[in-house]
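[1] Sequence below, structure please.
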Amino acid sequence: MIFSPCIDLTPAEWIATNPEYWWNLVTLGPTGFPAYGRLRFIPDPAYEGQSEHEGAQQNGPLPDDALSESEQLHLAVQTLLQHSGSPSEGYLLMWDGWGEDQFPDSVLRAPRVVIPNRAYYLCSVSLLDFLSGAVEESWEAETGRTMPLPAFVWPSDRAWCITSDVDPHWAGIGAGQALIDSLLTEPRLDVVRVEIDQKLPFYQ
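    The predicted structure is shown next:
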């Protein structure tokens, strides 16, 4: 099996026991990183209260070569691995709210990582297999369905963490300053810094 559901939830304790308010935790990730950024899957809203539908109309159709959310997430992981020297062993937290039919039976039999208002299944993976698409292919072979976007992705050394909750139009990234800089200079990604106490944008 390319992905391995975890019975021992210890690798996710640093997230499950993090003191950060749950909403900040699931949108930007655990506290303790020197720097944070946002990977914008689509542009930010032009004004407060704008709906995502209105934003899509305003921004116009995506170009033919636009990367999907999954492709953008993969590219971010690839960039972080290249610049961090992190081991290829890593972990995914998969939000249980997608519905049981989205998950392999082996995952559903595993215990869940629970935080306020969210629960996840923990899987250990090779991040290289994740980048190659082998993890998604194995998942789809077992379920017949597309693998949902992971809610959290991190390497075993916890040098960085990407957080992609179901509600925002962006993924939060916690890492060292140099790693955030490497994402800012990747031309195929739309990454911006997150400053302390910055009000973050959301579509209605």
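[2] ok, the nearest residue to Pro87 once chain neighbours are set aside - contacts?
    Distances taken as C-beta to C-beta, 6 or more residues apart in numbering place Ser156 nearest to Pro87, at 5.4 Å, with adjacent residues excluded. From N, CA and C alone the C-beta is placed, and that goes for glycine too. Counting by C-beta atoms under 8 Å, 6 or more residues apart in numbering, Ser156 touches 11, 86-87, 89-91.
[3] Report the buried residues of the top helix by length along the chain.
    Across the chain, the longest stretch assigned as helix under DSSP state H is helix 69-84. For helix 69-84, the neighbour count (16 or more other C-beta atoms under 10 Å) marks 70, 72-77, 79-81, 83-84 as buried.
[4] which residues are in contact with stretch 180-192?
    35-40, 43, 67, 72, 75-76, 79-80, 82-83, 173, 193.
[5] For Ile115, grab phi and psi.
    Note on Ile115: its backbone torsions stand at phi -130, psi 170 [degrees, to the nearest 10].
[6] Give me the three-state assignment for Asn24.
    Using DSSP: H, G, I helix; E, B strand; the rest coil, the secondary structure recorded for Asn24 is helix.
[7] On the pLDDT front, check it for me.
    We have a pLDDT of 95 for Asn24.
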